[in-house]
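Student: Structure for this input, please:
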Amino acid sequence: MSKPRSLALPPRTRAYRLVTARGGFAVLDREAVGAARGTVLLLPGYTGSKEDFLALLGPLGEAGYRAVAVDGRGQHETPGPRGRAAYRRRALALDVVAQAAALGDGPVHLLGHSFGGLVARAAAELAPDAFVSLTLLSSGPGRVNRPQRVRVRALRGALALLPKEQVWRATRWLDSRGEEPDVTDPPEIVAFLRRRWMTTRIAQLSGAGRLLLGDPDGTAALAALPMPLHIAYGDEEMVWPTAALAAAAALTGAHHTVLVGAGHSPNVSHPEELAARLTAFWDLAAQVSTASSGAARSRPAAPGAAGRGLAGTG
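Tutor: Have a look, this model is predicted:
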């Protein structure tokens, strides 16, 4: 989960329901300033929402990118079914493909933060032609670390046994004993976090947790994708092992960005720097896409800089 520091909408940002072939999804849509350089679809993480990208929307728009952050099905302001089947990997991936199509800008850049990276990978595998590039932000093709697996199992177990309000209070109490005590949160942020928790479907929280716990190492599938890849994270990342993320970047030939001083949510803590790194990658990815237009895109035979054409470390 990311915790926004402000709930103010950036200039030129609209909040509305994006109508797609698979239903409506709550979005924050930040228009590009000047000549549009592309469109990016932003997927939030576990227990998060579109507001996780509020600090990032402005810099992306100023850089010439239309940036659209979305609540997935059952997440915060997007309705969702109660049934377990609605939150399987393929169902969530089909939603993302429909969202990209509904934006009406052709293939888009796709970014998934944390759990959103798992969904983004699934969408890219399902419909690669819908996306110009794929960025995994604080997210890997491998498993989350052991403390996070324990935490997710405990949360799913609590939701199955206890009232949602009680689980919320317990979660906040645990946070207050850790790195982010309640006293650091302004009242409006606490109110927002509670509202987001209460409006998110239990089935979504349980289903997303199940996918996080059961997600196999997807490095091989990621390497097979026919699009430019980007793996970005902070050097203080605490959900995925940074060594595993670096290894995945090397094995897939992905562009590789490490933000110094950032933790699990560079989109909140380092939005300006992250935006600069992202837009530089997307500019290069668009050049690759343009150069290969008119021919079928295929995965390069070998990983690394020569294979992807974009590999590098920031």
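Student: Helices of the stretch 51-200 of the chain, residue ranges please.
Tutor: 54-62, 89-102, 115-126, 146-161, 164-176, 187-199 (DSSP state H, counting those that start in this stretch).
Student: For Leu284, find the nearest of these.
Tutor: helix 54-62 (15.9 Å; Cβ to Cβ). C-beta here means a position set from N, CA and C on the backbone, and glycine is covered the same way.
Student: how close does Asp95 get to Gly104?
Tutor: In this view, Asp95 and Gly104 are 17 Å apart by Cβ to Cβ, to the nearest Å.
Student: again with Leu222
Tutor: If you measure Leu222 against Gly104 using Cβ to Cβ, the figure is 28 Å.
Student: more crowded one of these two?
Tutor: Ranked by neighbour count (other Cβ atoms under 10 Å), Leu222 and Gly104 place Leu222 first, with 23 against 8.
Student: OK, contacts around that one?
Tutor: Residues in contact with Leu222 (Cβ atoms under 8 Å, 6 or more residues apart in numbering) are Arg121, Pro141, Leu229, Ala248, Thr252, Ala254.
Student: Just checking, which of these comes out lowest on pLDDT?
Tutor: Among the contacts of Leu222, Pro141 has the lowest pLDDT, at 93.
Student: shouldn't it be in contact with Arg121?
Tutor: Yes: here Pro141 lies in contact with Arg121, judged by Cβ atoms under 8 Å, at a distance of 6.8 Å.
Student: what bits of the stretch 51-200 of the chain have low per-residue confidence?
Tutor: Along the stretch 51-200 of the chain, the model assigns pLDDT under 70 to residues 176-183.
Student: Which strands or helices does the biggest helix by length in the chain pack on?
Tutor: Criterion DSSP state H: the longest helix present in the chain is helix 271-291. Packing contacts for helix 271-291, counted by 3 or more Cβ pairs under 8 Å, 6 or more residues apart in numbering; DSSP states H and E, involve strand 38-43, helix 54-62, strand 108-113, strand 131-137, strand 229-234, strand 255-259, helix 266-269.
Student: what's the angle between that helix and strand 38-43?
Tutor: Inter-element angle recorded for helix 271-291 and strand 38-43: 120 degrees (by axes from the mean of the first three to the mean of the last three Cα atoms, to 10 degrees).
Student: got the CA positions of helix 271-291 in PDB?
Tutor: The C-alpha trace of helix 271-291 is given here as PDB (Å, rounded to 0.1, in the frame of the first residue of the first chain):
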ATOM      1  CA  PRO A 271       7.700  11.600  -7.600                       C
ATOM      2  CA  GLU A 272       9.800  14.100  -9.500                       C
ATOM      3  CA  GLU A 273      12.800  11.900  -9.800                       C
ATOM      4  CA  LEU A 274      10.700   8.800 -10.600                       C
ATOM      5  CA  ALA A 275       8.800  10.800 -13.300                       C
ATOM      6  CA  ALA A 276      12.000  11.800 -15.000                       C
ATOM      7  CA  ARG A 277      13.200   8.200 -15.000                       C
ATOM      8  CA  LEU A 278       9.900   6.900 -16.300                       C
ATOM      9  CA  THR A 279       9.500   9.400 -19.100                       C
ATOM     10  CA  ALA A 280      13.100   8.900 -20.300                       C
ATOM     11  CA  PHE A 281      12.300   5.200 -20.600                       C
ATOM     12  CA  TRP A 282       9.000   5.700 -22.300                       C
ATOM     13  CA  ASP A 283      10.600   8.100 -24.800                       C
ATOM     14  CA  LEU A 284      13.000   5.300 -25.800                       C
ATOM     15  CA  ALA A 285      10.300   2.700 -25.800                       C
ATOM     16  CA  ALA A 286       8.200   4.800 -28.200                       C
ATOM     17  CA  GLN A 287      11.200   5.100 -30.500                       C
ATOM     18  CA  VAL A 288      11.500   1.300 -30.500                       C
ATOM     19  CA  SER A 289       7.800   0.900 -31.100                       C
ATOM     20  CA  THR A 290       7.900   3.400 -34.000                       C
ATOM     21  CA  ALA A 291      10.900   1.700 -35.600                       C
END
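Student: If I take that helix and helix 54-62, what angle do their directions form?
Tutor: Interaxial angle, helix 271-291 versus helix 54-62 (the same axes, to 10 degrees): 50 degrees.
Student: Contacts made by helix 271-291 with the rest, please.
Tutor: Taking Cβ under 8 Å, 6+ apart as the rule, helix 271-291 contacts 37-38, 40, 55-56, 58-60, 63-65, 107, 109, 111, 132-133, 135, 137, 227-228, 230, 232, 255, 257, 259, 262, 266-267, 297, 309-310, 314.
Student: Of all the residues in it, which ones are buried?
Tutor: 271, 273-275, 277-282, 284-286, 288-289 (16 or more other Cβ atoms under 10 Å).
Student: can you check stretch 6-21 too?
Tutor: Result for stretch 6-21 [16+ other Cβ under 10 Å]: buried residues Pro10, Thr13, Leu18, Thr20.
Student: Thanks a lot, catch you later.
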